[in-house]
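from the sequence below, what's the structure:
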Amino acid sequence: MGNPVTWFEVNSPNSVAPVTDPYAEERRALVEAVTRGAGHLSPELRTAIVDRTRGQASDAVIPDALVGFVDRVAKNAPEITDADVDAVKAAGIDEETVFEAIVAAALGASLARLEAVDALLAGGG
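Residues are numbered from 1 along each chain as shown. Below is the predicted model:
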């Protein structure tokens with residue numbers, strides 16, 4: 001699932017201390033549900049979308065009709081329009097698959113952002 005997130009406790013305005021991640025198990029369960037739960041997309045493809053939008057390499061091939069779409073979802077979801085969804089559907093992707101791709105992309109993007117914040121707080125960013 002990638003690097004564990006370190007949580008921090010503010011001890012004073014100028015210092016923070018690492019604490020145990022109180023949400024690690026819930027996050028692991030969410031990733032498991034999105035990537036391995038029942039769905040139209042294969043678990044490998046859902047995992048590949050999460051990995052791509054999280055900034056990690058994957059051996060699985062994401063269909064061309066979805067690559068640009070999931071990248072846009074990850075980078076700026078509010079700009080996705082019905083026309084964007086219609087274009088993916090016109091390429092032969094059904095609505096259930098589009099939905100699952102959106103969920104996987106949003107999860108990957110949120111994990112990437114959480115990990116980026118963690119790196120900044122840890123002084124590694």
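
hey, which helix is longest across the chain?
helix 95-121 (DSSP state H).

for that helix, packing partners?
Packing contacts for helix 95-121, counted by 3 or more C-beta pairs under 8 Å, 6 or more residues apart in numbering; DSSP states H and E, involve helix 24-36, helix 43-54, helix 64-76, helix 82-90. To be clear about C-beta, it is placed using only N, CA and C from the backbone, and glycine gets the same treatment.

try it again at 10 Å.
Secondary-structure packing of helix 95-121 (3 or more C-beta pairs under 10 Å, 6 or more residues apart in numbering; DSSP states H and E): strand 7-12, strand 15-19, helix 24-36, helix 43-54, helix 64-76, helix 82-90.

mean neighbour count, the ones you listed: which tops it?
Highest mean neighbour count among those (mean count of other C-beta atoms under 10 Å): helix 43-54, with a mean of 22.

and stretch 62-80, how far out from the chain's middle?
Chain-centre distance of stretch 62-80: 12 Å, with C-alpha atoms, centre = their mean, to the nearest Å.
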